[in-house]
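Asker: Predicted model follows, preceded by the sequence.
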Amino acid sequence: MTKTTGTAITGSGVWHPPTLLGNAELCDAFNIWVRRENAARAAEIAAGTFTELRESTPEFIEKASGITQRYVVDKSGIVDPDRMVPNIPDRKDDELSYQAEFAVNAAKRALAEAGRDGKDVDMVVLGAANLQRLYPSIAIEVLDALGGAGYGVDIALGCSSATMAITMCSEAVQLGKATCALAVTPELTSGFINWRDRDSHFIFGDAAVAVVVEPLERAHPGSYEILSTRSMGKFSSNIRNNGGYLNRCDPTRQFADDKLFYQQGRRVFKDVVPLAAKFIGEHLAAEGIPAAQIARFWLHQANESMNGLIAQRLLGRAPTELEAPLILNELANTASAGSAIAFSKYHDDLPAGSYGLMASFGAGYSLGSLLVRRT
Ligand code: COA
């Protein structure tokens, strides 16, 4: 008999802000800034003390990543070459915070699919690559906004924050600590992107995803039984964001570029493709389920060819569009939300008994996977 956690994903939902930002307008603004900066620093460039900045192209972005557009909370600041930071006004302490709002919007959709109400929620695990504040916990704010009662916790695990949040919900339900647990991932990525960095200004998009986890015996038909989960960490600084509460303590580096997202993208690509394929392959082997029996891989959404290569290593052939669906082309890299968004958008069509695997891989490096079967 196949192993099971005795828990199930009974609902999921996705939300993103309505403002669309295409590659062309993103590059136009970036390139105006590049030309201005190069003109202003012409003497330094001539003296060899400053490296001339290069322009960014929509063609490169689409070819290198598969991303054609992204949604953001605000684009007025991003496409303003004088600013290149989203305009996101501070909210008062008695207003719902931005990440809580993202989470609540996705949670309402997830709860509706589960046939539950906010009042049913007795635990919230909020996992996101970046958290907008230290405390009070945003998860507790979300629990309160939904009208639930119980407990909440924020976790940050880079690109595996969402799979870990779902895993923690499943574990809490297994332990009897919760009966309607909500994993929410509000990825407000536009706030931590360095919009002046050619290597990474195109990568991310804002979106939120929520997943309801309940005991299997309460799950409605069509839910996804969580058979097993797996997690792994392997330290690397190739994807990093040094933003944090110590930043103001060294006034010489307070606004340095490393206080925002930065990465060695090519190295990450090379490291993570084999690492993720091995990790997923070992998870499946441990459960005795060959990759060929997996109807769908909901993979982390950082790079189109990366996902193709990982699926190819697992299957021994290129995946079809539906075997490893992509959402990054329209939503860009939504940090840790990507694999759960792929699940949410591409799970309705599978027949009962189908196996699927959700997997994340990225900053940390952190990896997480959930093996599921449709009820
Ligand atoms: N516009 C135009 N050209 C660009 C460019 C841009 N925005 N950014 C880089 N280039 C150029 C580079 O200068 C380089 O040209 P050169 O060799 O003449 O100098 C060339 O394109 C290739 O650059 P490289 O950085 O090697 O690109 P890449 O093919 O590795 O693609 C990523 C970059 C980031 C899309 C890719 O490495 C990636 O997705 N890696 C995985 C990252 C990941 O999973 N991160 C997890 C985050 S959650």
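Answerer: Alright, I've got the coordinates. Fair warning: this is a prediction, and the values are worked out from it, not measured in the lab.

Asker: going forward, measure contacts between C-alpha atoms and count neighbours the same way
Answerer: Noted.

Asker: what does the stretch 101-250 of the chain put close to the ligand?
Answerer: Applying C-alpha under 6 Å from any ligand atom, we find that the stretch 101-250 of the chain lies next to the ligand at 159, 198-199.

Asker: Could you check how far stretch 38-45 is from the centre of its chain?
Answerer: The chain centroid and the centroid of stretch 38-45 are separated by 38 Å under C-alpha atoms, centre = their mean, to the nearest Å.

Asker: actually stretch 306-318, not the one I typed
Answerer: 21 Å.

Asker: cool, stretch 23-41 as well?
Answerer: 28 Å.

Asker: now the strands for the stretch 101-250 of the chain?
Answerer: 123-127, 151-155, 181-187, 207-215, 224-233, 239-240 (DSSP state E, counting those that start in this stretch).

Asker: Just say which of the ones you listed is most tucked in.
Answerer: Ranked by mean neighbour count under mean count of other C-alpha atoms under 10 Å, the strands of the stretch 101-250 of the chain are led by strand 181-187, which reaches a mean of 34.

Asker: Which strands or helices does that strand pack on?
Answerer: helix 98-114, strand 123-127, helix 161-174, strand 207-215 (3 or more C-alpha pairs under 8 Å, 6 or more residues apart in numbering; DSSP states H and E).

Asker: just to revisit the earlier point, just the buried members of the residues of the stretch 101-250 of the chain next to the ligand?
Answerer: 159, 198 (16 or more other C-alpha atoms under 10 Å).

Asker: I'd like the residues of the stretch 101-250 of the chain next to the ligand written out as a markdown table, with pLDDT added.
Answerer: Converted to a markdown table, these look like this (pLDDT from 0 to 100):
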| residue | pLDDT |
| --- | --- |
| C159 | 97 |
| R198 | 97 |
| D199 | 97 |
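
Asker: quick one: which of the residues of the stretch 101-250 of the chain next to the ligand is nearest to V125?
Answerer: Among these, C159 lies closest to V125 (C-alpha to C-alpha), at 15.3 Å.

Asker: quick one, what contacts that closest one?
Answerer: Residues in contact with C159 (C-alpha atoms under 8 Å, 6 or more residues apart in numbering) are 128-129, 300, 335-337, 360-364, 366-367.

Asker: how about the residue nearest to it when sequence neighbours are not counted, what does it touch?
Answerer: Closest residue in space to C159, ignoring its immediate chain neighbours: S336 at 3.9 Å, by C-alpha to C-alpha, 6 or more residues apart in numbering. Shown in contact with S336 (C-alpha under 8 Å, 6+ apart): 128-129, 158-163, 185, 187, 300, 360.

Asker: redo that, cut-off 10 Å
Answerer: 127-130, 156-164, 185-187, 208-209, 300-302, 360-363 (C-alpha atoms under 10 Å, 6 or more residues apart in numbering).

Asker: Then A276?
Answerer: A276 sits next to 232, 282, 299-300, 306-307, 310-311, 313-314, 359-362, 366-369 when contact means C-alpha under 10 Å, 6+ apart.

Asker: And what about it, helix, strand or coil?
Answerer: With DSSP: H, G, I helix; E, B strand; the rest coil as the basis, A276 sits in helix.

Asker: measure it to S160 for me?
Answerer: 12 Å (C-alpha to C-alpha, to the nearest Å).

Asker: Now for these two: what residues contact both?
Answerer: Common neighbours of A276 and S160 (C-alpha under 10 Å, 6+ apart) are 232, 300, 359-362, 366-369.

Asker: Reformat these into CSV and put secondary structure and pLDDT next to each item.
Answerer: Below are the shared contacts of A276 and S160 laid out as CSV (DSSP: H, G, I helix; E, B strand; the rest coil; pLDDT from 0 to 100):
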residue, secondary structure, pLDDT
M232, strand, 98
H300, coil, 98
A359, strand, 98
S360, strand, 98
F361, strand, 98
G362, strand, 95
S366, strand, 98
L367, strand, 98
G368, strand, 98
S369, strand, 98
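
Asker: Most widely separated two among the residues you listed?
Answerer: Longest span within the shared contacts of A276 and S160, C-alpha to C-alpha: M232 and H300, 14.7 Å.
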